[in-house]
Each structure stands twice: as C-alpha cells, then as structure tokens.
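Asks: show me how the following folds:
(2 chains)
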Amino acid sequence: MDTFIQQIINGLVLGSIYALVALGYTMVYGILGLINFAHGEVVMIGALTALTVIKLLASSGLPGIVVVLIGLLAAIPVCMALGFTIERIAYRPLRNAPRLAPLITAIGVSIVLQQLAMIFWGRNYHAFPPILPTSGRDIGGAHITDVQIVIVLLAVAIMAGLMLLVNRTRLGRAMRATAENPQIAGLMGVNINVIISATFLIGSALAAVAGVMVSANYSIAHYHMGFILGLKAFTAAVLGGIGNLPGAMLGGVLLGLIESLGAGYIGDLTGGFLGSHYQDVFAFFVLILVLVFRPSGLMGEKLAERA
Amino acid sequence: MRFPAKTLSLAVASALVVFGCGKEAPPPPPPKAEQPPAPPPKPTLTVKIGHSAPLTGPQAHLGKDNENGARLAIEEANAKKLEIGGAMVTFEMIPEDDQADPKQGTTVAQKLIDAKVSGVVGHLNSGTTIPASKLYSDAGIPQISPSATNPKYTQQGFKTAFRVMANDEQQGKVLGDYATKQLAGKKIAIVDDRTAYGQGVADEFEKAAKAGGAAIVAREFTNDKATDFAAILTKIKSKKPDLVMYGGMDAQAGPMAQQLKKLGVKSKMIFADGGCTTEFHKLAGDAAEGHYCSLPGYPLDKMPGGKVFMEKYKAKFNVDIQLYAPYAYDAANVMIDAMKRANSVEPAKYLAELPKTAFDGVTAKITFDERGDVKDGAITLYQAKGGKWETLETIGGAAPAPAQPAAMSGMGAMTAAPAQPAAMGGMSGMTAAPTPAAAPAAAPAAPAEKK
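Replies: You can find the predicted model right below:
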C-alpha cells in the first residue's frame, strides 16, 4: 500500500510539472490556435538562467530558498523577453499565413534556441547546488520532499491565478475576446497585438517557474531538457483539451499518474511481458483512446473558457 | 487533432534527427603498401592509415582525443624510420569525421577504402564501428577499434575486425561476479536505458549475477534522456534489493542515485563505465557516496605505460587525455607491429599476423582471441568516497585471467559526461580514480546513446 501511495505522489509531482508547462502551450493555443513548440526551450532557458544565478550565489551564505527565489526572479524577465521576441520574430509575421507555416517556424525557433543554449551553456549537464532542504514528510509510509510539496501547491496556485486572470480581469476579458475572434475583438477596441504579446509574456513567465521547479526537483539541467518536457507537456495539454486551462492541469496530472502507475505496475500486471519501458506507450495509448472518444480532449468542449 | 498529430510527428522526426548518433573512433588504417620494390637505393613507401571518429558534434573532444592518440603512434613510427619489406616506410594518417553517426560512419568507411588505406584505426562508437566493419571486411582492410565495446562488433565473423578494449560482455560479467561475491548481493534490481550499451551491459550482468546465486528482484527500464526515475525506483524500493545495477550513462546514474536517496532507499548502486565518471559525483552530489562502478582496464597511472604516455601526450598536444587516447595509440601500434612482423603493409598479408599479436601496449599486453577481442584484460572496480572514485581492486589482468583488460567502453563514457578531471583530489586522486584520470573529460552533449 505504501508503494501505491508513493506512486501516486510520484505521479502528482511529475504531473504538476507537466501541467505547469502545459499551461503555456494551452494559453497560446487558446488565443492563436498555434502550437508554440519553442515553449519547451523557454522552460530550458529559464532553468539554465536561474541555475547560473543560483550557482553564483550558492556560496554567498544566503539561505537556499532566498537564492532560488533570486534565481527565479532573474529567470522570469529573461524568459518573458525571450517569449516576447519569439512571438514578434517568428509568429507575428505569419499570423495570417497557412497554419503549417508558424508550426514550422516554431520548430525552427526551438532548434535555434537549443543550439544557442548549447553554445552558451555548453553540452555538460549542470547540477543544481544542494542548497534546498532535503527534508520531507512521510504519508502512510510514502515519502514526499518539501520541494515536491511546493511544486504541487505552486502548480495549483498558478493555475487558479490564471483562471482568475482570464475570467475576472479586463485583460482576461480581452484575451477571451481575442481567442473567440481576433478581427471582431480588434474592431471592438481590443489591441490584439498587445493581448497576444501579454499571453506570451505570461506563458513564458510560467515557463521560467516550471524550469526552476524541474531543475530543483531533479537537480539537473542541460540544454536538451526542454525537448522531451515540451513534448510531454504538449501531450498533457492535448489530453486535457488544448486551449482549456483546467484541462491542461487535469491532463498534466493524469499523464503524470499514468506514467507513474504504468511504470510501477505494468510489469507485474502483464507478468513481465511488458516492462517499465512501455510507460510512454501506455501514456500515448491513453491519449489515443481519449481522442477517439473525445476528439477535443477531456475538457476541450467548453470553448467559451478558452484562455 | 489533426494539427497536433502532425506537429507531434514532426517533432518526433526532428527529435530523431537530433538524437541520432553513435560513437565511433577508428584509427587509421594502414596503408596499402606496395611490396618492396627494387633493391637499389632504399625505395620509399607511403602507407596510409585511416582514422575515423566524431570530430564535430557532442563527442568531438573524444574523437579528437582518439585521433591524437593514433597520431602520436604514427609519428613515433615515422621517427623510427621503419623499413618494411625492403622499403623505407612513411605512415600517413587520414583522419575522417564520422560525427558518431552510423550513416556517416559507412560513408567515411567507403571514403577510406577508396583512398586505399592499408588499415583503419576506429571507429570510436559502437554505433558507427559496427556498420562500417562490414565495408572494411568486404574490402579486406583490417580495422582495430580503440573504444567500440558492443560485443556485436567482433561477433559478426569478420576476419578484419579487432578491438583493444574489453567488450561489454566482459565488463558485465565482472560486475555481476563482484556484486554477488565481494558485495554479497542476494537480491538485485537491474535498470537499463535500452541503448545497445546499457542493455548489453545489464544483460551480461544479469547472467553473471544469476550464476552467482543472486535473485533478480526487479528488471526495470528507462531511457538515455530521462531524468525522472521515481516510479521505477519506488517499485524497486518495494522489493528491498541489496544492490541496484544500472546499465547506462552518468547523466542518468547521477540523478538516479539522488532520487534513490530521496526515496529513502539504502541499497547501493553498481554500474559500468558509462556512469563511472567524475560527472556522476557532480550530478549525484552527496548521494554519490558508497556506490560502485567499473572501468575496463587499469587506471591510467597503473597501465604499464600509462605515465609515460600521459607525459608524451601532454607534451605533444598540450591538452589532457580525455578518455580513449591510450587505446587509440595502442590500436595504431598493434597495426604497425603486425605490418612489421609480416614485413608487408599489404592488408592481405599483415592481416594474417594480427591474430598472432602479442604487443606490449600502453594499456596492457595486447593479445587477441579468435574473434578479435582483446584477451586477458583487467577490469577495475571503484567505489565513490568523499566525492571521488576510489580504486577497490582490479580483476583479471596481465595473466591469463578471466576478466578483460582495458578497454573502456567508450561509449558510455563518451556520452555520458563530460568528466572533469578536476574533481579528483590531488595526485593520488588522479591516479587512483578511474574515470578522472583515464577519462577526464568527455562531455558529450546530448546524452546520446552510447553505442
């Protein structure tokens, strides 16, 4: 039983990270109908930027949490500037182009960012300095570290904040209007360029947060980390219904749980016929099933709630 | 959904492009020599030896390291003004870049064959060495790989394929024996990264561990890009193993050690050369303490000619040895030695001499078994203590011993990590520490597949 609880915790933590990254995909998709494939790289740049700052300050004697916060505060503006620039350079000129064109520039931006990061930070893996408390709590025989608790809580809080932003503020209303119909929104006095830029800024800030969480939890960052993470988060967004904020959260957590439980039990359930290397297969199998029966994802129908 | 699906496949395709890489680093092939011509003034003869390794991309530093090793051997041979078959022989190295890419490996191999090299030192990666070996075999050109460790390379039945490093079979076996005997492991969990290298080592380990009476309580898998192992480690924790064996690179081994600690698992990890780097200490932090690893061969300072080689190399290239340079050096020398004994640089003629090799190399005394694998090697075991690897013992070695010597499996180390020599404490650290000394720095970028 404690193993089962532990696997649920593993899944929740992993899922929260996926969810946070997925929020970035889903916001952009909700407004522009564009898959921002460079989002995973923004996460990576956020992680590496924060890590660079954190390494500089690691021996300064400041408490670990303060150092990480400073790193995060450094990473957020960098990622925001990056997200803003990506949109201006790679997406805005193609806003009225066929759908495939911005997709290709997105992949292009992703590759460019990866290579730039490789040049700048090198090919080495970067270890996160051991400055965060490694303490944790035991729940029914399972163990969760404080960092992991913060990750889960922060992911939930950020999603709630985003919901408030989208549904309760002027900016959110303008975002929803732009999502529904950019031309009409423009005619009604919404400056859609500003709204779209704002979306990228917010999404990139979230990416910075996600990047710091990932590197803090796994104590590792490198120039290639954004790719797989982005792919998984994108899957989570599709699973939950892309364009839908709670859907991204649900999809992320679900994907995390499926992977965790899949890796943990698939071998025993199939008598060793399928092993833990099938955990991704399992996750994508669930994705396909969901899409067959609910083509717009688990929560994808409430178009009005698109961010 | 059509859209996402497309993007996904595009992304996957691009991922494949990005990830695809292998390792290889062959040495230069010996030239095809013409037989000694006429008697008069000593005729001169230029013998081409091909060398192939990744000179660009994430493993470029390792490729260059191999190339330097082979180059040193060739320049020394030239300085000796060798006379083979009555002609004054000058060796010329033809260095090629295979980018650690299996496709590029075969292209380069064809290029070397077309250039009429007499032999090839290389490639560096198993992934490039194996496909290229078919071409060399068809062309009848001897190939000696310094660092490809996948057992398949010499199991294809090619008479032209040799290597001077222990293969993964040998290393996996030593690790398995050590785990069950010295470490008294009764219940062992095994994880591998599903690469040719990781899986190969893990399978061999499993066989040896079972033969040693241990029960394999869990067999789990990850991949060479993963960072999250919580699910499989949780499962492993529930089986309460004495040891956790990992077949893969340090980029995963490090975080895995850390996550084991977070989960409160006390079992120690044991892994092969892929994780046996200073990078492991960096990534695992204080969770590194007490884990075990192995490297083929002796630590550089314990190699028969290790110290001298290290000094010569440093003097010549003014850089530190990364990883496999001593093996590339030996590979080239073994080839030249066979030419001398055959008194011919003709591939067909000196190839017959290669299996009879008994060469006192820098890494070990090199003799080949019937497949072309190096015989009687040593494998050295290390334990993480105080932030570095401490030598436990060397198994096998010079005498006709069970273990194999020296080959470091290149792949692992390569991909894995940029090992940093600095990590080792002072001199003793250097000497003793396996990885550092021997393999200081490979810093391959991507956690690419080793082999």
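
Asks: any idea of the pLDDT on B:P26?
Replies: B:P26 carries a pLDDT score of 46 in this model.

Asks: next one: phi and psi at B:G85?
Replies: Phi and psi for B:G85, reported as degrees, to the nearest 10, are phi 60, psi 30.

Asks: gap between it and chain A?
Replies: Applying C-beta to the nearest C-beta, to the nearest Å, one obtains 46 Å for the distance of B:G85 from chain A. Heads up, the C-betas are built off the backbone N, CA and C, glycines and all.

Asks: would you confirm that that residue contacts B:Y350?
Replies: No. Using C-beta atoms under 8 Å, B:G85 is not in contact with B:Y350; the gap is 10.0 Å.

Asks: who has more neighbours out of the two?
Replies: With neighbours defined as other C-beta atoms under 10 Å in any protein chain shown, B:G85 and B:Y350 compare such that B:Y350 has more, 25 against 20.

Asks: which element is that one on?
Replies: Per DSSP states H and E, B:Y350 falls inside helix B:347-351.

Asks: can you tell me the closest non-neighbouring residue to A:G297?
Replies: A:G241 (3.0 Å; C-beta to C-beta, 6 or more residues apart in numbering or on different chains).

Asks: any idea how far that neighbour lies from chain B?
Replies: Distance, A:G241 to chain B, using C-beta to the nearest C-beta: 11 Å.

Asks: can you give me the strands for chain A?
Replies: With DSSP state E as the criterion, chain A has strands at A:126-127, A:136-139, A:142-145, A:220-221.

Asks: and the contacts of the first one?
Replies: Right, the one you point to is strand A:126-127. Outside strand A:126-127, the residues that touch it by C-beta atoms under 8 Å, 6 or more residues apart in numbering or on different chains are A:48, A:51, A:55, A:215, A:219-222, B:254, B:282-283, B:285.

Asks: kindly reformat those as CSV containing neighbour count.
Replies: Converted to CSV, the contacts of strand A:126-127 look like this (neighbours: other C-beta atoms under 10 Å in any protein chain shown):
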residue, neighbour count
A:L48, 23
A:L51, 26
A:K55, 16
A:S215, 28
A:S219, 26
A:I220, 24
A:A221, 29
A:H222, 25
B:G254, 30
B:K282, 23
B:L283, 30
B:G285, 20
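
Asks: dump those into TSV; add distance to A:V66 as well.
Replies: Shown next, in TSV, are those (distance: C-beta to C-beta, whole Å):
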residue	distance to A:V66
A:L48	20
A:L51	16
A:K55	15
A:S215	17
A:S219	19
A:I220	22
A:A221	20
A:H222	25
B:G254	26
B:K282	24
B:L283	24
B:G285	20
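
Asks: distance to B:A218 and pLDDT added to those, as JSON lines?
Replies: Putting the contacts of strand A:126-127 into JSON lines (distance: C-beta to C-beta, whole Å; pLDDT from 0 to 100) gives the following:
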{"residue": "A:L48", "distance to B:A218": "34", "pLDDT": "96"}
{"residue": "A:L51", "distance to B:A218": "33", "pLDDT": "94"}
{"residue": "A:K55", "distance to B:A218": "36", "pLDDT": "92"}
{"residue": "A:S215", "distance to B:A218": "28", "pLDDT": "91"}
{"residue": "A:S219", "distance to B:A218": "24", "pLDDT": "87"}
{"residue": "A:I220", "distance to B:A218": "24", "pLDDT": "87"}
{"residue": "A:A221", "distance to B:A218": "29", "pLDDT": "88"}
{"residue": "A:H222", "distance to B:A218": "28", "pLDDT": "84"}
{"residue": "B:G254", "distance to B:A218": "20", "pLDDT": "90"}
{"residue": "B:K282", "distance to B:A218": "27", "pLDDT": "82"}
{"residue": "B:L283", "distance to B:A218": "23", "pLDDT": "84"}
{"residue": "B:G285", "distance to B:A218": "25", "pLDDT": "88"}
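
Asks: nearest to A:V109, of those residues?
Replies: Distance ranking of the contacts of strand A:126-127 against A:V109, using C-beta to C-beta, places A:L48 first at 16.6 Å.

Asks: now do the closest one against chain B, distance only.
Replies: From A:L48 to chain B the distance is 14 Å (C-beta to the nearest C-beta).

Asks: my read: that residue touches A:Y125, true?
Replies: No. Between A:L48 and A:Y125 there is no contact under C-beta under 8 Å: 11.0 Å.

Asks: OK, contacts around A:I89?
Replies: Contacts of A:I89 (C-beta under 8 Å, 6+ apart): A:V109.

Asks: show me where pLDDT drops low in chain A?
Replies: Counting by pLDDT under 70, chain A has low-confidence residues at A:1, A:123-124, A:301-307.

Asks: residue furthest from the geometric center of it?
Replies: In chain A, A:G271 marks the outermost C-alpha relative to the chain mean, sitting 34.6 Å out by C-alpha atoms, centre = their mean.

Asks: ok, it to chain B distance?
Replies: Distance, A:G271 to chain B, using C-beta to the nearest C-beta: 13 Å.

Asks: and the lengthiest helix in chain B, how far from the chain's centre?
Replies: Longest helix in chain B, counting residues (DSSP state H): helix B:60-79. Put simply, helix B:60-79 sits 16 Å off its chain's centre (C-alpha atoms, centre = their mean, to the nearest Å).

Asks: again with stretch B:198-209
Replies: 17 Å.

Asks: buried residues of it, list them for me.
Replies: Buried residues in stretch B:198-209, defined by neighbour count with 16 or more other C-beta atoms under 10 Å in any protein chain shown: B:198-206, B:208-209.

Asks: do it and chain A meet?
Replies: No. Shown here: stretch B:198-209 not in contact with chain A (C-beta under 8 Å from any C-beta of the partner chain), separated by at least 9.9 Å.

Asks: what about that stretch, average pLDDT?
Replies: For stretch B:198-209, mean pLDDT rounds to 90.
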